[in-house]
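Visitor: Structure for the following, please:
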Amino acid sequence: MKKIVALKVLDRYRVWLRFDDGVEGEVDFSHKPRTGVYAPWRDPGYFSRAHIGPYGQLRWDDQLEFGPDSLWQRVTGKQPADLAPVPNPASTHA
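Guide: Numbers count the residues shown, from 1 in each chain. Below you'll find the predicted structure:
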């Protein structure tokens, strides 16, 4: 499981993230609606209070959070299978 280790809130509902494996990049949340669970984002000040949660996730208070694995995939463009360790064929016994 990945963890976010650094965060910078940018303008226009974007955040810059660094993960524990050294990967870093921006995630754009501008496409999210400002209704329902995202209604507090109508206030840009609320969005700017993004922080790293205790498990390395991206959080806004206790109302909204995004897991680090899904954000890592968005930054890298990789798929869920890329998060799983690749088995070493030499270590398997027949």
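
Visitor: In contact with the most centrally placed residue in the chain, which residues?
Guide: In the chain, the residue lying closest to the centroid (C-alpha atoms, centre = their mean) is L71, at 3.1 Å. By C-beta atoms under 8 Å, 6 or more residues apart in numbering, the contact set of L71 is 4, 17, 27, 58. (Each C-beta comes from the backbone N, C-alpha and C, glycine too.)

Visitor: Quick one: classify the second one as helix, strand or coil.
Guide: Here L17 is strand, with the state taken from DSSP: H, G, I helix; E, B strand; the rest coil.

Visitor: Residues in a beta bridge with it, which ones?
Guide: L7, G25 (DSSP bridges).

Visitor: wait, doesn't it sit right on V27?
Guide: Yes: contact status for L17 versus V27: in contact at 6.3 Å, counting by C-beta atoms under 8 Å.

Visitor: any shared contact partners between those two?
Guide: 71, 75.

Visitor: between the two, which one's more packed in?
Guide: When L17 and V27 are compared for neighbours, L17 comes out ahead with 24 against 17, by other C-beta atoms under 10 Å.
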